[in-house]
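[1] Quick one: sequence plus predicted model below, questions after.
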Amino acid sequence: MAESPSPTPVNDAPDPAETISAPATAGKGNSARQLLGMKGAQAGETSIWKIRLQLMKPITWIPLIWGVVCGAASSGNYRWSVEYVLIAAACMLLSGPLLTGYTQTLNDFYDREIDAINEPYRPIPSGAISIPQVVAQILLLLVGGIAVAFSLDRWAGHSFPIVTALAVGGSIVSYIYSAPPLKLKQNGWLGNYALGASYIALPWWAGHALFGDLNWKIVLLTLFYSLAGLGIAVVNDFKSVEGDRQMGLKSLPVMFGVTTAAWICVLAIDIFQGGVAAYLMAIHQNLYAVLLVLLIIPQITFQDMYFLRDPLGNDVKYQASAQPFLVLGMLVTGLALGHSAL
(Lines give C-alpha, C1' and ligand atoms only; values in the text may rest on other atoms or scores of the structure.)
Protein backbone atom coordinates (compact mmCIF):
# COMPACT_ATOMS: atom_id res chain seq x y z
CA MET A 1 0.00 0.00 0.00
CA ALA A 2 1.35 3.41 -0.88
CA GLU A 3 0.92 5.85 1.97
CA SER A 4 -1.15 8.97 1.58
CA PRO A 5 0.05 12.48 2.19
CA SER A 6 -1.03 14.21 5.32
CA PRO A 7 -3.42 17.07 4.75
CA THR A 8 -2.32 18.59 7.92
CA PRO A 9 -0.68 21.95 8.05
CA VAL A 10 1.96 20.03 9.61
CA ASN A 11 1.64 16.56 6.51
CA ASP A 12 3.56 14.44 4.70
CA ALA A 13 9.35 13.94 6.19
CA PRO A 14 8.70 10.17 5.14
CA ASP A 15 6.21 7.64 6.40
CA PRO A 16 7.79 5.71 9.26
CA ALA A 17 4.97 3.17 9.22
CA GLU A 18 6.76 1.60 6.32
CA THR A 19 10.26 2.11 7.65
CA ILE A 20 9.97 0.22 10.91
CA SER A 21 8.15 -2.80 9.60
CA ALA A 22 9.21 -6.23 10.73
CA PRO A 23 7.94 -9.76 10.55
CA ALA A 24 5.01 -10.28 12.83
CA THR A 25 5.55 -11.97 16.13
CA ALA A 26 3.08 -13.21 18.67
CA GLY A 27 2.12 -11.51 21.90
CA LYS A 28 2.55 -7.94 23.06
CA GLY A 29 5.02 -6.97 20.33
CA ASN A 30 2.58 -7.87 17.58
CA SER A 31 -0.26 -6.07 19.37
CA ALA A 32 1.83 -2.91 19.68
CA ARG A 33 2.68 -3.00 15.98
CA GLN A 34 -1.02 -3.35 15.15
CA LEU A 35 -1.96 -0.29 17.21
CA LEU A 36 0.86 1.81 15.74
CA GLY A 37 -0.15 0.86 12.20
CA MET A 38 3.14 -0.79 11.27
CA LYS A 39 3.55 -3.08 8.33
CA GLY A 40 3.84 -6.73 9.28
CA ALA A 41 1.33 -6.96 12.16
CA GLN A 42 -1.23 -9.72 11.71
CA ALA A 43 -4.99 -9.36 12.11
CA GLY A 44 -6.64 -10.44 15.34
CA GLU A 45 -7.56 -7.29 17.28
CA THR A 46 -11.25 -7.25 18.29
CA SER A 47 -11.60 -3.94 20.17
CA ILE A 48 -13.24 -1.45 17.80
CA TRP A 49 -11.33 1.44 19.39
CA LYS A 50 -8.00 -0.26 18.89
CA ILE A 51 -8.97 -1.05 15.31
CA ARG A 52 -9.86 2.62 14.76
CA LEU A 53 -6.48 3.63 16.19
CA GLN A 54 -4.75 1.13 13.91
CA LEU A 55 -6.44 2.77 10.90
CA MET A 56 -5.04 6.16 11.99
CA LYS A 57 -1.47 4.75 12.04
CA PRO A 58 -0.04 6.61 15.07
CA ILE A 59 3.51 5.85 13.95
CA THR A 60 2.97 8.26 11.03
CA TRP A 61 2.12 11.18 13.32
CA ILE A 62 5.71 11.64 14.49
CA PRO A 63 7.19 13.46 11.46
CA LEU A 64 4.14 15.74 11.27
CA ILE A 65 4.53 16.70 14.91
CA TRP A 66 8.23 17.30 14.25
CA GLY A 67 7.30 19.54 11.32
CA VAL A 68 5.33 21.80 13.67
CA VAL A 69 8.43 22.08 15.87
CA CYS A 70 10.56 23.09 12.86
CA GLY A 71 7.99 25.68 11.80
CA ALA A 72 7.81 27.17 15.28
CA ALA A 73 11.62 27.35 15.34
CA SER A 74 11.79 29.07 11.95
CA SER A 75 9.30 31.74 13.06
CA GLY A 76 11.87 33.16 15.47
CA ASN A 77 9.01 34.09 17.82
CA TYR A 78 8.45 30.95 19.87
CA ARG A 79 8.71 31.49 23.63
CA TRP A 80 9.01 28.82 26.29
CA SER A 81 5.86 29.51 28.31
CA VAL A 82 2.95 27.37 29.43
CA GLU A 83 0.63 29.09 26.96
CA TYR A 84 2.92 28.57 23.98
CA VAL A 85 3.59 24.96 24.89
CA LEU A 86 -0.16 24.26 25.07
CA ILE A 87 -0.80 26.01 21.76
CA ALA A 88 2.03 24.08 20.10
CA ALA A 89 0.58 20.87 21.53
CA ALA A 90 -2.83 21.76 20.04
CA CYS A 91 -1.19 22.27 16.64
CA MET A 92 0.50 18.88 17.02
CA LEU A 93 -2.89 17.34 17.84
CA LEU A 94 -4.25 18.92 14.68
CA SER A 95 -1.37 17.64 12.58
CA GLY A 96 -1.02 14.18 14.04
CA PRO A 97 -4.05 12.40 15.51
CA LEU A 98 -6.70 14.45 13.72
CA LEU A 99 -5.68 15.28 10.16
CA THR A 100 -2.98 12.68 9.67
CA GLY A 101 -5.39 10.20 11.21
CA TYR A 102 -7.98 11.39 8.69
CA THR A 103 -5.47 11.01 5.86
CA GLN A 104 -4.41 7.49 6.79
CA THR A 105 -8.00 6.29 7.32
CA LEU A 106 -9.01 7.80 3.98
CA ASN A 107 -6.03 6.16 2.31
CA ASP A 108 -6.92 2.76 3.74
CA PHE A 109 -10.51 3.21 2.54
CA TYR A 110 -9.46 3.82 -1.06
CA ASP A 111 -6.60 1.31 -0.90
CA ARG A 112 -8.68 -1.58 0.37
CA GLU A 113 -8.31 -3.54 -2.88
CA ILE A 114 -4.55 -3.12 -3.17
CA ASP A 115 -4.20 -3.79 0.57
CA ALA A 116 -5.92 -7.12 -0.01
CA ILE A 117 -2.81 -7.98 -2.05
CA ASN A 118 -0.01 -6.22 -0.16
CA GLU A 119 -1.31 -6.08 3.43
CA PRO A 120 -4.40 -8.28 3.84
CA TYR A 121 -4.15 -8.02 7.62
CA ARG A 122 -5.14 -4.31 7.53
CA PRO A 123 -8.48 -3.61 9.29
CA ILE A 124 -10.61 -3.04 6.18
CA PRO A 125 -9.55 -5.94 3.92
CA SER A 126 -9.52 -8.27 6.93
CA GLY A 127 -13.14 -7.35 7.73
CA ALA A 128 -12.31 -6.11 11.24
CA ILE A 129 -14.28 -2.88 10.67
CA SER A 130 -17.25 -2.08 8.43
CA ILE A 131 -17.24 0.48 5.62
CA PRO A 132 -19.87 2.74 7.32
CA GLN A 133 -17.73 2.80 10.47
CA VAL A 134 -14.70 3.81 8.41
CA VAL A 135 -16.59 6.61 6.64
CA ALA A 136 -17.84 7.96 9.99
CA GLN A 137 -14.27 8.00 11.31
CA ILE A 138 -13.02 9.90 8.25
CA LEU A 139 -15.68 12.60 8.64
CA LEU A 140 -15.24 12.97 12.39
CA LEU A 141 -11.47 13.39 12.15
CA LEU A 142 -11.78 15.89 9.31
CA VAL A 143 -14.36 18.06 11.08
CA GLY A 144 -12.41 17.87 14.35
CA GLY A 145 -9.19 18.91 12.63
CA ILE A 146 -10.73 21.92 10.91
CA ALA A 147 -12.36 23.00 14.18
CA VAL A 148 -9.01 22.89 16.02
CA ALA A 149 -7.34 24.79 13.14
CA PHE A 150 -9.97 27.54 13.35
CA SER A 151 -9.46 27.78 17.12
CA LEU A 152 -5.71 28.21 16.60
CA ASP A 153 -6.35 31.03 14.13
CA ARG A 154 -8.53 32.75 16.72
CA TRP A 155 -5.77 32.45 19.33
CA ALA A 156 -3.16 33.86 16.93
CA GLY A 157 -5.45 36.75 15.95
CA HIS A 158 -5.11 36.05 12.24
CA SER A 159 -7.17 38.39 10.06
CA PHE A 160 -7.12 35.62 7.47
CA PRO A 161 -7.55 32.08 8.95
CA ILE A 162 -4.32 30.72 7.47
CA VAL A 163 -4.06 27.62 9.66
CA THR A 164 -7.64 26.70 8.74
CA ALA A 165 -6.84 27.28 5.07
CA LEU A 166 -3.81 25.00 5.34
CA ALA A 167 -5.93 22.34 7.03
CA VAL A 168 -8.62 22.50 4.35
CA GLY A 169 -6.10 22.64 1.50
CA GLY A 170 -4.09 19.75 2.88
CA SER A 171 -7.26 17.71 3.33
CA ILE A 172 -8.13 18.26 -0.32
CA VAL A 173 -4.63 17.20 -1.38
CA SER A 174 -5.03 14.04 0.70
CA TYR A 175 -8.34 13.29 -0.97
CA ILE A 176 -7.10 13.71 -4.55
CA TYR A 177 -3.99 11.70 -3.65
CA SER A 178 -6.02 8.66 -2.61
CA ALA A 179 -9.36 8.97 -4.42
CA PRO A 180 -10.32 8.62 -8.07
CA PRO A 181 -10.48 10.13 -10.59
CA LEU A 182 -7.22 12.04 -9.97
CA LYS A 183 -5.64 9.59 -7.50
CA LEU A 184 -2.21 11.25 -7.54
CA LYS A 185 -0.59 8.15 -6.10
CA GLN A 186 -1.01 6.51 -9.50
CA ASN A 187 1.73 8.83 -10.74
CA GLY A 188 5.09 8.16 -9.13
CA TRP A 189 6.34 11.75 -9.49
CA LEU A 190 3.24 13.70 -8.49
CA GLY A 191 2.20 11.27 -5.80
CA ASN A 192 5.59 11.12 -4.11
CA TYR A 193 6.06 14.88 -4.23
CA ALA A 194 2.59 15.38 -2.72
CA LEU A 195 3.66 12.98 0.02
CA GLY A 196 6.98 14.72 0.61
CA ALA A 197 5.44 18.19 0.67
CA SER A 198 2.70 17.06 3.02
CA TYR A 199 5.22 15.71 5.50
CA ILE A 200 7.67 18.62 5.31
CA ALA A 201 6.11 21.82 3.96
CA LEU A 202 2.54 21.75 5.34
CA PRO A 203 3.35 21.15 9.02
CA TRP A 204 6.22 23.60 8.78
CA TRP A 205 3.90 26.29 7.41
CA ALA A 206 1.37 25.69 10.18
CA GLY A 207 3.93 25.94 12.98
CA HIS A 208 5.50 29.04 11.44
CA ALA A 209 2.15 30.76 10.79
CA LEU A 210 0.97 30.06 14.32
CA PHE A 211 3.86 31.89 15.99
CA GLY A 212 5.05 34.23 13.23
CA ASP A 213 4.27 35.58 9.78
CA LEU A 214 4.37 32.98 7.02
CA ASN A 215 6.17 34.49 4.03
CA TRP A 216 7.12 33.42 0.53
CA LYS A 217 10.72 32.76 1.51
CA ILE A 218 9.61 30.06 3.96
CA VAL A 219 7.02 28.70 1.53
CA LEU A 220 9.46 28.35 -1.36
CA LEU A 221 12.32 26.99 0.75
CA THR A 222 10.16 24.29 2.32
CA LEU A 223 8.70 23.33 -1.07
CA PHE A 224 12.30 22.96 -2.27
CA TYR A 225 13.12 20.93 0.86
CA SER A 226 10.13 18.72 0.05
CA LEU A 227 11.96 17.47 -3.03
CA ALA A 228 14.20 15.65 -0.55
CA GLY A 229 10.96 14.32 0.92
CA LEU A 230 10.10 12.98 -2.53
CA GLY A 231 13.17 10.77 -2.28
CA ILE A 232 12.11 9.53 1.14
CA ALA A 233 8.61 8.82 -0.18
CA VAL A 234 10.05 6.64 -2.95
CA VAL A 235 11.55 4.32 -0.31
CA ASN A 236 8.02 3.40 0.73
CA ASP A 237 7.21 2.15 -2.78
CA PHE A 238 9.73 -0.69 -2.78
CA LYS A 239 7.73 -2.85 -0.37
CA SER A 240 4.65 -2.86 -2.62
CA VAL A 241 6.07 -3.22 -6.13
CA GLU A 242 4.06 -6.33 -6.99
CA GLY A 243 0.74 -5.00 -5.74
CA ASP A 244 1.31 -1.60 -7.39
CA ARG A 245 2.09 -3.31 -10.70
CA GLN A 246 -1.08 -5.41 -10.52
CA MET A 247 -3.25 -2.40 -9.68
CA GLY A 248 -1.71 -0.15 -12.34
CA LEU A 249 -0.03 2.28 -9.92
CA LYS A 250 2.96 3.88 -11.63
CA SER A 251 5.36 4.05 -8.72
CA LEU A 252 8.97 4.82 -9.59
CA PRO A 253 10.16 1.23 -8.94
CA VAL A 254 7.43 0.00 -11.30
CA MET A 255 8.25 2.57 -14.00
CA PHE A 256 12.06 2.53 -13.87
CA GLY A 257 12.95 -0.70 -12.14
CA VAL A 258 14.30 -1.22 -8.64
CA THR A 259 17.92 -0.18 -9.24
CA THR A 260 17.20 3.06 -11.11
CA ALA A 261 14.47 4.03 -8.66
CA ALA A 262 16.89 3.50 -5.78
CA TRP A 263 19.35 5.95 -7.36
CA ILE A 264 16.60 8.50 -8.00
CA CYS A 265 15.64 8.17 -4.35
CA VAL A 266 19.09 8.76 -2.84
CA LEU A 267 20.04 11.54 -5.26
CA ALA A 268 16.86 13.46 -4.49
CA ILE A 269 17.48 13.16 -0.76
CA ASP A 270 21.11 14.31 -0.94
CA ILE A 271 21.00 16.96 -3.67
CA PHE A 272 18.10 18.96 -2.29
CA GLN A 273 19.33 18.84 1.30
CA GLY A 274 22.66 20.06 -0.03
CA GLY A 275 20.81 22.87 -1.79
CA VAL A 276 19.25 23.93 1.51
CA ALA A 277 22.72 23.94 3.12
CA ALA A 278 23.96 26.20 0.29
CA TYR A 279 21.05 28.56 0.93
CA LEU A 280 21.93 28.76 4.61
CA MET A 281 25.46 29.76 3.66
CA ALA A 282 24.06 32.39 1.28
CA ILE A 283 22.15 34.03 4.16
CA HIS A 284 25.31 33.86 6.34
CA GLN A 285 24.08 31.09 8.64
CA ASN A 286 27.38 29.27 8.17
CA LEU A 287 27.41 27.30 11.42
CA TYR A 288 23.97 25.85 10.73
CA ALA A 289 24.98 25.10 7.13
CA VAL A 290 28.00 23.11 8.35
CA LEU A 291 25.85 21.22 10.85
CA LEU A 292 23.40 20.32 8.08
CA VAL A 293 26.22 19.03 5.85
CA LEU A 294 27.58 16.96 8.74
CA LEU A 295 24.12 15.40 9.12
CA ILE A 296 23.95 14.59 5.39
CA ILE A 297 27.22 12.63 5.44
CA PRO A 298 25.89 9.70 7.55
CA GLN A 299 22.87 9.49 5.24
CA ILE A 300 25.16 8.98 2.26
CA THR A 301 27.06 6.33 4.21
CA PHE A 302 23.89 4.37 5.01
CA GLN A 303 22.69 4.73 1.43
CA ASP A 304 25.82 2.96 0.25
CA MET A 305 25.86 0.39 3.06
CA TYR A 306 22.22 -0.63 2.87
CA PHE A 307 19.87 0.90 0.34
CA LEU A 308 21.79 0.93 -2.95
CA ARG A 309 23.07 -2.61 -2.39
CA ASP A 310 19.64 -4.12 -1.71
CA PRO A 311 16.71 -1.65 -1.75
CA LEU A 312 14.09 -4.38 -1.38
CA GLY A 313 15.78 -6.15 1.51
CA ASN A 314 17.26 -3.17 3.34
CA ASP A 315 14.62 -0.44 2.97
CA VAL A 316 13.57 -0.72 6.62
CA LYS A 317 17.12 -0.88 7.93
CA TYR A 318 18.14 2.09 5.80
CA GLN A 319 15.24 4.27 6.95
CA ALA A 320 15.79 3.41 10.60
CA SER A 321 19.47 4.34 10.25
CA ALA A 322 19.22 7.45 8.07
CA GLN A 323 15.92 9.08 8.98
CA PRO A 324 17.08 10.55 12.33
CA PHE A 325 19.72 12.58 10.47
CA LEU A 326 17.10 13.93 8.06
CA VAL A 327 14.75 15.14 10.77
CA LEU A 328 17.60 16.65 12.79
CA GLY A 329 18.66 18.47 9.64
CA MET A 330 15.15 19.91 9.32
CA LEU A 331 15.36 21.27 12.86
CA VAL A 332 18.81 22.74 12.19
CA THR A 333 17.34 24.52 9.16
CA GLY A 334 14.38 25.78 11.18
CA LEU A 335 16.67 27.17 13.89
CA ALA A 336 18.84 28.83 11.25
CA LEU A 337 15.85 30.54 9.65
CA GLY A 338 14.55 31.64 13.04
CA HIS A 339 17.98 33.03 13.94
CA SER A 340 18.21 34.94 10.66
CA ALA A 341 14.79 36.49 11.34
CA LEU A 342 15.82 37.92 14.70
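    Happy to help now that I have it. If you're wondering where the values come from, they're calculated on a predicted model, not measured in any experiment.

[2] elements contacting the lengthiest helix in the chain?
    If you go by DSSP state H, the chain has its longest helix at helix 311-341. Packing contacts for helix 311-341, counted by 3 or more Cβ pairs under 8 Å, 6 or more residues apart in numbering; DSSP states H and E, involve helix 61-75, helix 188-211, helix 216-235, helix 258-282, helix 286-302. Where you see a C-beta, it was placed from the backbone N, CA and C, and this is true even at glycine.

[3] relative to helix 286-302, how tilted is the third one?
    Spelled out, it's helix 216-235. Taking axes from the mean of the first three to the mean of the last three Cα atoms, to 10 degrees, one finds helix 216-235 and helix 286-302 inclined to each other by 10 degrees.

[4] and what of the second one?
    Counting by the same axes, to 10 degrees, helix 188-211 points 150 degrees away from the direction of helix 286-302.

[5] mind listing what's buried in helix 188-211?
    Neighbour counts over helix 188-211 (16 or more other Cβ atoms under 10 Å) mark 188, 190-211 as buried.

[6] re earlier: which one of the helices and strands packed on helix 311-341 is the most hemmed in?
    helix 188-211 (a mean of 28; mean count of other Cβ atoms under 10 Å).

[7] chain center to that one: distance?
    In terms of Cα atoms, centre = their mean, to the nearest Å, the centre of helix 188-211 is set 8 Å apart from its chain centre.

[8] for the stretch 1-150 of the chain, what are the low-confidence residue spans?
    Scanning the stretch 1-150 of the chain for pLDDT under 70 picks out 1-31, 33-45.

[9] now the strands for it?
    Assigned by DSSP state E, counting those that start in this stretch, the stretch 1-150 of the chain shows no strands.

[10] how far away is Met281 from Tyr110?
    Per Cβ to Cβ, to the nearest Å, Met281 is found 43 Å from Tyr110.

[11] which residues of the stretch 1-150 of the chain fall in helices?
    Assigned by DSSP state H, counting those that start in this stretch, the helices in the stretch 1-150 of the chain fall at 28-36, 48-56, 61-75, 82-93, 99-110, 112-118, 131-156.

[12] Of all the ones you listed, which one is nearest Gly338?
    helix 61-75 (4.9 Å; Cβ to Cβ).

[13] I'd guessed Ala88 sits against Gly207; true?
    Yes: when contacts are counted by Cβ atoms under 8 Å, Ala88 is listed as touching Gly207 (7.4 Å).

[14] Give me the common contacts of the two.
    Common neighbours of Ala88 and Gly207 (criterion: Cβ atoms under 8 Å, 6 or more residues apart in numbering): Val68, Val69, Ala72.

[15] Identify, from the residues you listed, the entry nearest to Ser151.
    For those, the nearest to Ser151 is Val68 (15.2 Å; Cβ to Cβ).

[16] wait, isn't that closest one in contact with His208?
    No: counting by Cβ under 8 Å, Val68 does not reach His208; the two are 9.2 Å apart.

[17] so where's the stretch 151-300 of the chain shaky on pLDDT?
    Judged against pLDDT under 70, the stretch 151-300 of the chain has no low-scoring part.

[18] For the longest helix of the chain, which residues meet the burial criterion?
    Using 16+ other Cβ under 10 Å as the test for burial, helix 311-341 gives 311, 314-316, 318-319, 321-323, 325-327, 329-338, 341.

[19] One more: stretch 73-84?
    Using 16+ other Cβ under 10 Å as the test for burial, stretch 73-84 gives Ala73, Ser74, Ser75, Gly76, Asn77, Tyr78.

[20] quick one, what contacts Ile131?
    The neighbours of Ile131, taking Cβ under 8 Å, 6+ apart as the test, are Phe109, Ile124.

[21] re earlier: the helices and strands packed on helix 311-341 into TSV, with extra columns for distance to Ser95?
    Formatted as TSV, the helices and strands packed on helix 311-341 follow (distance: least, Cβ to Cβ, whole Å):
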stretch	distance to Ser95
helix 61-75	4
helix 188-211	5
helix 216-235	14
helix 258-282	22
helix 286-302	23
